[in-house]
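A.B. asks: Take this sequence and fold it.
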Amino acid sequence: MSVVAIIPARGGSKGVPAKNLQRVGGIPLVTRAIIAAKSSGLIDRIVVSTDDSAIARAALAAGAEVVDRPAELSGDIASSESALFHALDSFATDPEITVFIQATSPFIDALDLAEAIERVRNGEEDVVFSAVETYGFLWSLADGGAVGVNHDHATRPRRQDRDPHYLETGAFYVMRTDGFRAIGHRFFGTVGVAVVEQRTAIEIDTAEELELAAALAPFIDSAAYASPIEIDAVVTDFDGVHTDDRVLVAADGSEFVMANRSDGMGVRHLREAGYPVLILSTEVNPVVSARAAKLGVEVQQGVRVKAAALIRWAEERDIRLERIAYLGNDVNDLGCMAIVGWPVAVPDAAAEVIAAARIVLETPGGYGAVREFADLVLRSPRPHHDEKEMGSWPSQSVAPR
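C.D. replies: Numbering: from 1, shown residues only. Next comes the predicted model:
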């Protein structure tokens, strides 16, 4: 049966500006949704419906198709169903199964999604949606005070004596397209529940929920992810990455740093494999350029705005930012980490940098961190030229954070 995933992702968001492009675990939310859909292994076509050019670029870079959503279907009051129908109407023929995925759910488990698709495909249910099991006592507020919703407040049975209820996570809805067309909304016929783990059920609507998801990502992603690193270039900070961030100061004021020879070998292997390497640093000490010369790589030092310098460097070499890895350790690296596809942190990096990273290495800066990352890159299959042009699929996992 043909299966199409539709990911509505409009640009406007009042609670969290540019919400669908916000990063969790170093990956934009819309990209995470695409990764989950692809990783299910059962979806034939993935489409992002958006009114925003930046979201469209991110979707195309991740390998999805894009449907341009008109303004009248992109406002605060527009329903998700309207976006789904608009996308379906753009197809030559309807798929037999429509999978509605929300990018605001960053921790969709591909296996949960695949099982839900199988249940609809096998005819077990017409609709299957993601939910968490709850035994919570729910209340509503009325003029006369709080009123029990799913219980009699005069009776407090034990958990083991009660049946659970199920709370929608909003992450995904799998449904037969013909039934969706006929009824006009996502619930019809026989409805089933895909029970997912509580820790994966967060839905991002506020800045606080975004912060919580970023904090959870190292624990959730490390358990579910371990995949190829698909890049075309490596850019690194210097102090704290090639060094341990310490400096030896002589009586005359001259400064000395320690570098690691294994990092040099890692850089050599990257260069021999055809990966451009750039050292990008705010440091003005000539030791930075001296080390870069020793390694045989490009260097830009004394840079005030590192992200702007990185953008220019990438444009001059026709390298897409989403296919660049940036290794950093401190807050002045955050600008670069926010624009590349593979932000990487050393384990002793600042907390903000750890939170922004897609990969957190095991080796501290100055002790072989660059070599560790080089080895990760070189163990990953490098895509063919046509795959890079069309946008490559990140798999459901990345190297452990």
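
A.B. asks: what bits of the chain have low per-residue confidence?
C.D. replies: Within the chain, the ranges that satisfy pLDDT under 70 run 222-227, 382-401.

A.B. asks: tell me how far the top helix by length along it is from the chain's mean position?
C.D. replies: For the chain, the helix that runs over the most residues, judged by DSSP state H, is helix 207-224. Here helix 207-224 is found 10 Å from its chain centre; the criterion is CA atoms, centre = their mean, to the nearest Å.

A.B. asks: Equivalent analysis for stretch 86-104, please.
C.D. replies: 22 Å.

A.B. asks: Also stretch 239-255?
C.D. replies: With CA atoms, centre = their mean as the basis, stretch 239-255 stands 36 Å off its chain's centre.

A.B. asks: buried ones in stretch 200-211?
C.D. replies: Using 16 or more other CB atoms under 10 Å as the test for burial, stretch 200-211 gives 200-204, 209-210. In short, each C-beta sits where N, CA and C put it, glycine included.

A.B. asks: do stretch 106-121 as well
C.D. replies: Under the neighbour-count criterion of 16+ other CB under 10 Å, stretch 106-121 has 106-110, 112-114, 116-117, 119-120 buried.

A.B. asks: Distance check, the closest residue to residue 375 other than its chain neighbours against residue 336.
C.D. replies: Leaving aside its sequence neighbours, residue 375 sits nearest to residue 266 (CB to CB, 6 or more residues apart in numbering; 6.7 Å). With distances taken as CB to CB, to the nearest Å, residue 266 is found 20 Å from residue 336.

A.B. asks: Residue 17 too?
C.D. replies: Taking CB to CB, one finds residue 17 at 21 Å from residue 336.

A.B. asks: neighbour-wise, which of those two wins?
C.D. replies: Neighbour count, other CB atoms under 10 Å: between residue 17 and residue 336, residue 336 has more, with 26 against 11.

A.B. asks: roughly how far apart are that one and residue 322?
C.D. replies: On the measure of CB to CB, residue 336 and residue 322 end up 13 Å apart.

A.B. asks: Same check on residue 81?
C.D. replies: Taking CB to CB as the criterion, residue 81 is separated from residue 322 by 31 Å.

A.B. asks: And the strands in the stretch 201-350 of the chain?
C.D. replies: Under the criterion DSSP state E, counting those that start in this stretch, strands of the stretch 201-350 of the chain are mapped to 233-236, 248-249, 255-256, 277-280, 298-300, 324-328, 342-345.

A.B. asks: again, but for the stretch 1-150 of the chain
C.D. replies: Applying DSSP E, counting those that start in this stretch to the stretch 1-150 of the chain gives strands spanning 3-8, 23-24, 27-28, 45-50, 65-68, 97-101, 127-134, 139-142, 145-148.

A.B. asks: distance between the first one and the chain's centre?
C.D. replies: Taking the mean C-alpha point of strand 3-8 and that of its whole chain, the gap between them comes to 17 Å (CA atoms, centre = their mean).

A.B. asks: Show me the beta-bridge partners of residue 3.
C.D. replies: residue 97 (DSSP bridges).

A.B. asks: Surely it and residue 95 touch.
C.D. replies: Yes. Contact criterion CB atoms under 8 Å: residue 3 and residue 95 qualify, at 6.0 Å.

A.B. asks: Need the residues touching each of those two.
C.D. replies: By CB atoms under 8 Å, 6 or more residues apart in numbering, residue 3 and residue 95 have these common neighbours: 44-45.

A.B. asks: Just say which of the strands of the stretch 201-350 of the chain is most tucked in.
C.D. replies: strand 342-345 (a mean of 30; mean count of other CB atoms under 10 Å).

A.B. asks: how about the helices in the chain?
C.D. replies: 29-39, 53-61, 80-89, 110-121, 177-183, 207-224, 261-272, 287-295, 306-316, 334-337, 351-356, 369-378, 385-390.

A.B. asks: per-domain residue ranges of the protein.
C.D. replies: As assigned by automatic domain parsing, the chain contains the domains 3-223, 233-380.

A.B. asks: roughly how far is the longest one from the heart of the chain?
C.D. replies: Spelled out, that is domain 3-223. On CA atoms, centre = their mean, the centre of domain 3-223 falls 15 Å from the chain's centre.

A.B. asks: ok, now which ones touch the closest residue to residue 330 other than its chain neighbours?
C.D. replies: Distances taken as CB to CB, 6+ apart place residue 350 nearest to residue 330, at 5.2 Å, with adjacent residues excluded. By CB under 8 Å, 6+ apart, the contact list for residue 350 reads 329-331.

A.B. asks: Looking at neighbours, which among these is most surrounded?
C.D. replies: Ranked by the number of neighbours (other CB under 10 Å), the contacts of residue 350 place residue 329 first, at 27 neighbours.

A.B. asks: one step back: now the helices of the chain as TSV including distance to residue 131?
C.D. replies: Shown next, in TSV, are the helices of the chain (distance: least, CB to CB, whole Å):
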stretch	distance to residue 131
helix 29-39	17
helix 53-61	27
helix 80-89	17
helix 110-121	11
helix 177-183	19
helix 207-224	18
helix 261-272	45
helix 287-295	53
helix 306-316	40
helix 334-337	34
helix 351-356	28
helix 369-378	36
helix 385-390	35
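
A.B. asks: So which of those is the most surrounded?
C.D. replies: Mean neighbours per residue, mean count of other CB under 10 Å, is largest over these for helix 29-39, with a mean of 26.

A.B. asks: just checking, what packs against that one?
C.D. replies: Here helix 29-39 touches strand 3-8, strand 45-50, helix 53-61, strand 97-101, helix 110-121, going by 3 or more CB pairs under 8 Å, 6 or more residues apart in numbering; DSSP states H and E.

A.B. asks: Please save the CA atoms from it in CSV.
C.D. replies: C-alpha atoms of helix 29-39 as CSV (Å, rounded to 0.1, in the frame of the first residue of the first chain):
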residue,chain,number,x,y,z
LEU,A,29,12.8,20.1,14.5
VAL,A,30,11.6,19.8,11.0
THR,A,31,14.7,17.7,10.1
ARG,A,32,14.1,15.5,13.1
ALA,A,33,10.6,14.7,11.8
ILE,A,34,11.9,13.9,8.4
ILE,A,35,14.6,11.6,9.9
ALA,A,36,11.9,9.7,11.9
ALA,A,37,9.7,9.3,8.8
LYS,A,38,12.6,8.0,6.7
SER,A,39,13.8,5.7,9.4
